[in-house]
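Colleague: need coordinates for the below:
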Amino acid sequence: PNGHTANGWSDVDAEMTFSTDRYHQLIGDCPLGQHMIYAERILSTQTFLLEHPLLNELPDGLVVLAGDQLAGKGRGQNTWLSSAGCLQF
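Modeller: This is a model prediction of the structure:
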């Protein structure tokens, strides 16, 4: 099926794709996430932000979302993996 699920993802040919329109419909007026960067695949959202040359100029409430995170990082030296389509913090 090509329909959107409640979380904004759709299942197309077993690939996870992200709908920015559906995302903005779901978050509504919530200030967290009004500004968003999406990458289909990224090593680490945390590393992306920490290494961004304009880190101090990014807007408040910005979130970085990824369809597939290849090297997720946690506190300290912790790393983790998640299944496709999971929302993890």
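Colleague: not counting sequence-adjacent ones, nearest residue to residue 68?
Modeller: residue 41 (4.6 Å; C-beta to C-beta, 6 or more residues apart in numbering). All C-beta spots, glycine's among them, are computed from the backbone N, C-alpha and C.
Colleague: which of the three states applies to that neighbour?
Modeller: Of the three states, residue 41 takes strand under DSSP: H, G, I helix; E, B strand; the rest coil.
Colleague: what segments of the protein are strands?
Modeller: Here the chain has its strands, by DSSP state E, at 9-12, 15-18, 36-42, 63-69, 72-73, 79-80.
Colleague: closest to residue 49 out of these?
Modeller: Among those, strand 63-69 comes nearest to residue 49, with 5.9 Å by C-beta to C-beta.
Colleague: contacting residues around the closest one?
Modeller: Identification of contacts with strand 63-69 by C-beta atoms under 8 Å, 6 or more residues apart in numbering yields 16-18, 23, 32-33, 35-45, 48-49, 82, 84.
Colleague: can I get the strands of the chain in a markdown table including mean pLDDT and mean neighbour count?
Modeller: Output for the strands of the chain, formatted as a markdown table (pLDDT from 0 to 100; neighbours: other C-beta atoms under 10 Å):
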| stretch | mean pLDDT | mean neighbour count |
| --- | --- | --- |
| strand 9-12 | 43 | 15 |
| strand 15-18 | 66 | 14 |
| strand 36-42 | 86 | 14 |
| strand 63-69 | 84 | 17 |
| strand 72-73 | 74 | 17 |
| strand 79-80 | 71 | 10 |
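Colleague: so which of the ones you listed gets nearest residue 57?
Modeller: Closest to residue 57 of these, according to C-beta to C-beta: strand 36-42, at 13.5 Å.
Colleague: any weak-confidence spans in the chain?
Modeller: For the chain, the stretches with pLDDT under 70 are 1-16, 81-89.
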